[in-house]
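**Student:** My questions are about this predicted structure, shown below with the sequence.
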Amino acid sequence: MSLPSLLSFAVVAVLLIFLMSRFSLDWEATWASIRSINIWMYLAAIGMYFASFWFRGMRWQLLARNTGALTSDEGKVPSTFLSAQFILIGWFVNSVMWLRLGDAYRAYLFAHESKGSFSWSLGTILAERIADIATILVVLVISIAALTITHEDKTARLLLLAALAGLGISLVLLLAMRYYGQRLAQLLPKRFETAYTRFQQGTLGSFKQLPAVFLLGLIGWALEIGRLYFVVAALGVDAPLALIPIAAAGHAILSAVPTPGGLGVVEPGIIGLLLISLERSEAVSIVLVDRSITYLSVIALGGLLFLIMHITSKKRNRLSESPIGPI
């Protein structure tokens, strides 16, 4: 077993110890709630979660096409189905490795398949992240406004401030890239200047057809929210509807922390959000069941897909015969 995998399991162990020591819980009630889960609603939650990958793949495909970078006869943007697979594999790698290396890996896969450059592909992922932040912000503003009618809580507001800060930083980055990027790139060695130019093209060029881009993002997020809704319903917990989108958005923000799959950060963070209106045992049972979908199932299905793709790629010797474009 590799060192990163051992570290990942160590994080899981530390997380369980943390939950047991940090929250005085009735674990018997928590496990009883999990054992009595409605399996059909749980399967519906899984279905909605993995359906979101299709729309994420469709959006990534659209972002890549918007750049107009693949002008050669050989270059071609991967299909929606293949793009969705790359995203799932990337999330699998993020779940077992530190520093979110899965993002770089799926950028590599996308570049290899499209015959584009790695830096251009990475730029489209940055554009995807910025679109996600904007969508999360819209979801948070509406949900927090609805929740504060009946509940007052600083945690949700801090989450909103985090999303606002992320969007602000992203906009500053885009403006700096747009107006000063090329000037600064000219100071770099030629190889790095070319790589940066492609990265900028992948990022800034993606933001065309904005209504379609954000519509696909909203559909993906609606499915993510639906996943958590069905998890809550499967456990028979009576939670305020406005709290569910906030917790789903919080999951996305906290999972950006560069631990494997956000382990050790996502769980206590979401429990804290759910404690706005739920009992501790209810909050913990929701998080444990939800993470069986967003973490364990990603490792299981993403790992299987990673293995199949690796074996297929090795048989066809793609990596040696058809290298990706320039950096």
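**Tutor:** Arrived safely, thanks for sending.
**Student:** In terms of secondary structure, what does the helix or strand containing Ala176 contact?
**Tutor:** Assessed by DSSP states H and E, Ala176 sits inside helix 154-185. Using 3 or more C-beta pairs under 8 Å, 6 or more residues apart in numbering; DSSP states H and E as the contact criterion, the elements in contact with helix 154-185 are helix 118-147, helix 190-204, helix 243-254, helix 266-274. Every residue, glycine included, has its C-beta placed from N, CA and C.
**Student:** what distance separates it from the middle of the whole chain?
**Tutor:** Distance, stretch centre to chain centre, for helix 154-185: 18 Å (C-alpha atoms, centre = their mean, to the nearest Å).
**Student:** What of stretch 224-234?
**Tutor:** A distance of 17 Å separates the centroid of the chain from that of stretch 224-234, by C-alpha atoms, centre = their mean.
**Student:** outside of that stretch, which residues touch it?
**Tutor:** Outside of stretch 224-234, the residues that reach it under the criterion C-beta atoms under 8 Å, 6 or more residues apart in numbering are 37-39, 41-42, 44-46, 48-49, 52, 139, 239, 241, 244-245, 247-248, 251-252, 286, 289-290, 293-294.
**Student:** Find the nearest non-adjacent residue to Leu147, please.
**Tutor:** The spatial neighbour of Leu147 that comes closest, neighbours along the chain excluded (C-beta to C-beta, 6 or more residues apart in numbering), is Ala242 at 4.0 Å.
**Student:** that older thread, which of the contacts of stretch 224-234 count as buried?
**Tutor:** Applying a neighbour-count criterion of 16 or more other C-beta atoms under 10 Å, the buried members of those are 41-42, 44-46, 48-49, 52, 139, 239, 244-245, 247-248, 251-252, 286, 289-290, 293-294.
**Student:** Can you tell me the closest non-neighbouring residue to the residue positioned nearest the centre of the chain?
**Tutor:** Relative to the mean C-alpha position of the chain, the nearest C-alpha, by C-alpha atoms, centre = their mean, is the one of Ala252, at 6.1 Å. For Ala252, ignoring the flanking residues on the chain, the nearest one in space by C-beta to C-beta, 6+ apart is Ile136 at 6.0 Å.
**Student:** List the contacts of the one you found.
**Tutor:** If a contact means C-beta under 8 Å, 6+ apart, then Ile136 has 163, 221, 249, 252-253 as its contacts.
**Student:** Now do the same for it: its pLDDT.
**Tutor:** Turning to Ile136, the model gives it a pLDDT of 87.
**Student:** list the helices and strands the helix or strand harbouring Lys315 packs on?
**Tutor:** Using DSSP H and E, Lys315 sits in helix 303-316. If contacts are counted by 3+ C-beta pairs under 8 Å, 6+ apart, helix 303-316 sits against helix 80-96.
**Student:** what separates the helix it packs on from the chain centre, distance-wise?
**Tutor:** Taking C-alpha atoms, centre = their mean, the mean C-alpha location of helix 80-96 is offset from the chain mean by 10 Å.
**Student:** Just the angle for it relative to helix 303-316, thanks.
**Tutor:** Helix 80-96 runs at 110 degrees relative to helix 303-316, counting by axes from the mean of the first three to the mean of the last three C-alpha atoms, to 10 degrees.
**Student:** what's the average pLDDT for the one helix or strand Trp54 maps to?
**Tutor:** In the assignment (DSSP H and E), Trp54 maps to helix 39-67. For helix 39-67, the per-residue pLDDT values average out at 97.
**Student:** so how far is that helix off the chain centroid?
**Tutor:** Offset of helix 39-67 from its chain centre (C-alpha atoms, centre = their mean): 11 Å.
**Student:** lowest-confidence helix or strand of the chain?
**Tutor:** With mean pLDDT, DSSP states H and E as the measure, the helix or strand of the chain carrying the lowest mean pLDDT is helix 318-321 (a mean of 54).
**Student:** Flag the shaky bits of this protein, pLDDT-wise.
**Tutor:** Low-confidence regions of the chain, defined by pLDDT under 70, span residues 1-25, 71-74, 150-153, 155-156, 317-327.
**Student:** Which residue of it lies farthest from its centroid?
**Tutor:** Taking C-alpha atoms, centre = their mean as the measure, the residue most remote from the mean C-alpha position of the chain is Leu187, 33.9 Å away.
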